[in-house]
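[1] here is my input; please provide its structure:
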Amino acid sequence: MDLSGQLLIAMPGIGDPRFEHSLILLCSHDDTGAMGLIVNKPAAGVAVSNLLEQLDISVADETDGNQPVRFGGPVETQRGFVLHSPEYQSNVSSLRVSDGFSMTATVDVLEDIGAGQGPAQKLVMLGYAGWGPGQLESEIALNGWLNAPATPDLVFELADHEKWEAALREIGVDPLTLSTSAGHA
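    You can find the predicted model right below:
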């Protein structure tokens with residue numbers, strides 16, 4: 001089953017502190033593995049303007065510059081990704097994730113953001129979460145993750161600390177009722 005464009009909701013007891021209360025938008029999922037971006041974990045004290053400054057990109061729109069950079073995941077944490085609304089397409093390469101989301105990993109999107117011409121909705125991230133063939137499916141079977149539909153409102157509009165619970169409630173799960181152990185029939 002292809003989960004591209006879906007949210008992964010980390011279950012309590014996931015066993016990896018980097019993923020505690022994480023909400024991940026899966027950008028790709030197929031027989032070769034999966035790749036996603038954590039959408040609710042700000043990188044400690046890093047704003048988009050700081051990142052653009054380090055890359056010698058000027059910031060024309062301070063509103064965009066004040067947005068926090070997020071921790072996209074533990075793989076390649078020096079590599080940047082922008083999860084964004086699909087109306088924006090990079091001159092180099094943007095991946096259409098679903099009807100509501102695209103992802104760009106080239107510097108031109110950062111230049112456009114700095115110039116005030118970037119995507120209307122966006123999250124700038126460092127790093128990503130990745131799984132090898134069958135690894136994600138195994139983690140789901142072991143009660144590590146739930147999946148839920150992704151909406152631009154949930155991903156782009158809610159405060160980071162509200163997203164995990166909102167995604168659970170979206171699929172009818174009360175966060176207080178979650179267990180850390182899997183049930184087996």
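[2] can you name the residues that contact residue 171?
    Residue 171 sits next to 9, 146, 148-149 when contact means C-beta atoms under 8 Å, 6 or more residues apart in numbering. Quick note: C-beta positions are derived from backbone N, CA and C, even for glycine.
[3] swap the cut-off to 10 Å and go again
    Under the criterion of C-beta atoms under 10 Å, 6 or more residues apart in numbering, the neighbours of residue 171 are 7, 9, 146-149.
[4] would you mind identifying the next helix or strand past the lowest-mean-pLDDT helix or strand in the chain?
    Lowest by mean pLDDT, DSSP states H and E among the helices and strands of the chain is helix 62-65, with a mean of 62. As assigned by DSSP states H and E, the chain's next helix or strand after helix 62-65 is strand 68-71.
[5] list the contacts of that following strand.
    Residues outside strand 68-71 that contact it (C-beta under 10 Å, 6+ apart): 18, 22, 37-52, 77, 80-81, 83, 123-129, 160.
[6] please redo it, this time with the cut-off set to 8 Å
    Against strand 68-71 from outside (C-beta under 8 Å, 6+ apart): 37-43, 46-48, 50-51, 77, 123-127, 160.
[7] average pLDDT for that strand?
    For strand 68-71, mean pLDDT is 93.
[8] for stretch 125-133, same thing?
    Mean pLDDT, computed over stretch 125-133, is 96.
[9] of the contacts of strand 68-71, buried ones?
    The neighbour count (16 or more other C-beta atoms under 10 Å) marks 37-43, 46-48, 51, 123-127, 160 as buried among those.
[10] brilliant, that's me finished.
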